[in-house]
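Novice: coords below, sequence missing:
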């Protein structure tokens, strides 16, 4: 009976990693759309959202079934609860990708100008946070999860810098407001991706150590 239970946990983990791959691909595509202003890539991002939403529901149902039928305890219980929360964060990463694609589509109506913000670099850092948080999940490594918190500080600083640079540009050249405003919102979307990665890291720590570090940073139990 326990063997079947642990096989089910492995299947749940595989499903979550599939979800992670889809969410990460959506972010990568949305940034490629920004970089190239290729609206066909925006459409790929928008069309991928229903599949991400379906998989979120499927994973949640698997987790709830395991809780109801197996009544797990201790680390197994924390694992399933963590999967449910990580699943929700990954779905929201997919939502951020959709938001970025919609903004890029709006930017397509205006001239493609150089803006004083490095969106691809911000995206790479936010995506790296997600990858590291998920690697910590795969390896059950709480220390690796803690390292994600430091990366979040860098993303926040880049987002703040983008805000000030683009706000100044809007004041100095109001005719560039549409492009600047959309880029500002995209930077904010990527900052939110970083926040979701931080949430995932916190869930890994909860699973491995049994410590709830939400809102207080990484602490030892």
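Specialist: Here it is on my side, so go on. Model, not experiment: these values are computed from the prediction.
Novice: surely residue 85 meets residue 204?
Specialist: No. At 10.3 Å, residue 85 and residue 204 do not qualify as touching, with contact defined as C-beta atoms under 8 Å. Every C-beta, even on glycine, is put in place using the N, C-alpha and C of the backbone.
Novice: the two: who's more crowded?
Specialist: residue 204 (26 against 16; other C-beta atoms under 10 Å).
Novice: which residues are in contact with the more buried one?
Specialist: Shown in contact with residue 204 (C-beta atoms under 8 Å, 6 or more residues apart in numbering): 82, 133, 136, 137, 140, 141, 142, 145.
Novice: mind checking which of those land in strands?
Specialist: Using DSSP state E, no member of the contacts of residue 204 sits in strands.
Novice: excluding its backbone neighbours, what's nearest residue 155?
Specialist: residue 194 (3.8 Å; C-beta to C-beta, 6 or more residues apart in numbering).
Novice: my guess is the one you found contacts residue 153, does it?
Specialist: No. Using C-beta under 8 Å, residue 194 is not in contact with residue 153; the gap is 9.5 Å.
Novice: in terms of neighbours, single out the busier of these two.
Specialist: residue 194 (27 against 10).
Novice: for the protein, what are the low-confidence residue spans?
Specialist: 1, 216-221 (pLDDT under 70).
Novice: how much space separates residue 68 from residue 91?
Specialist: 22 Å (C-beta to C-beta, to the nearest Å).
Novice: number of nearby residues for the residue nearest to residue 39 when sequence neighbours are not counted?
Specialist: Leaving aside its sequence neighbours, residue 39 sits nearest to residue 108 (C-beta to C-beta, 6+ apart; 5.4 Å). By the criterion of other C-beta under 10 Å, residue 108 has 14 neighbours.
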